[in-house]
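*Asks:* Just need the structure, nothing else, for what follows:
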Amino acid sequence: MKKVYKLLILSIIGIFSLTSCLTMSSNPISKELAKNIETDADLYLQQGNYWNTYHYVDEFNDETADAYISNNFFLIGNYSDANSSNNIVTANIFIQENTVKLQLARPALLKENPEITGIIFTVSMKTDNEEKEYLGTATNNKGLITLNKIASAKIILALAENQSFKLALLENGSSDSGTYLVTIPDSTGFAKVYMETYPNLFD
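*Replies:* Residues are numbered from 1 along each chain as shown. Below you'll find the predicted structure:
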């Protein structure tokens, strides 16, 4: 199965691109308060419902056939810069085919996501076996951070293999500017949702 996922990821790099200009039908900022997330997320992990499929909507707010996968509950992380450290951050991850996007909110509790357009992030990943890997840079547009194709493929593969891992994002490549650290605690159920959402990738 691991080999199948690796072949899948390699085959879709460069084939698909995230071209939709439609909006997302879910509202991540309206989820439960961050302080309740960890307990609720543990329950969802036990039930296998941590990941879910959502659909883009058109100009009439009707669902389209274009789908993406996201976490049902906030991912929890922290933010540090030269003036403060370990501020709670909530995050959402969005996957459409081979593209991964992140949405970060600081401060955490139901605040509107800051428009951070113009900041380039340097991204690294650390897996549960302590391996660290540099994933390159990521661009952003009004709070949605788009990872490059290679980084997206590696994250999707880690999720499909039920790994837990951390992502470190440095604003403008410098920890002095600010560092986001986001934890993906468990990938249970992701592979099933991914295969059901994009069955054409497994034909």
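*Asks:* Can you tell me the SS state at S187?
*Replies:* Following DSSP: H, G, I helix; E, B strand; the rest coil, we place S187 in the coil state.
*Asks:* OK, contacts around it?
*Replies:* S187 sits next to A158, L159, A160, E161, N162, Q163, S164 when contact means Cβ atoms under 8 Å, 6 or more residues apart in numbering. For glycine as for every other residue, the C-beta is placed from the backbone atoms N, C-alpha and C.
*Asks:* how about the host helix or strand of L135: buried residues?
*Replies:* Under the criterion of DSSP states H and E, L135 resides in strand 132-141. Judged by neighbour count (16 or more other Cβ atoms under 10 Å), strand 132-141 contains these buried residues: L135, T137, A138, N140.
*Asks:* Ok, stretch 74-83 next?
*Replies:* F74, L75, I76, G77, N78, Y79.
*Asks:* Let me know the closest of those residues to K126.
*Replies:* Lowest distance from K126 to the buried residues of stretch 74-83 (Cβ to Cβ) belongs to G77, with 12.6 Å.
*Asks:* So the closest one sits against N87, correct?
*Replies:* No. Between G77 and N87 there is no contact under Cβ atoms under 8 Å: 9.5 Å.
*Asks:* My read is that D81 contacts G178, right?
*Replies:* Yes. At 4.1 Å, D81 counts as touching G178 under the criterion of Cβ under 8 Å.
*Asks:* which one among the buried residues of stretch 74-83 gets closest to I93?
*Replies:* Taking Cβ to Cβ as the measure, I93 lies nearest L75 of the buried residues of stretch 74-83, at 6.5 Å.
*Asks:* so that closest one touches I93, yeah?
*Replies:* Yes. Contact criterion Cβ under 8 Å: L75 and I93 qualify, at 6.5 Å.
*Asks:* can you list residues touching both of these two?
*Replies:* With Cβ under 8 Å, 6+ apart as the test, L75 and I93 both reach I184.
*Asks:* Can you report how many residues lie near the nearest residue to N72 once chain neighbours are set aside?
*Replies:* The shortest distance from N72 to any non-neighbouring residue, by Cβ to Cβ, 6 or more residues apart in numbering, is to N52 (5.2 Å). Residues near N52, counting by other Cβ atoms under 10 Å, number 15.
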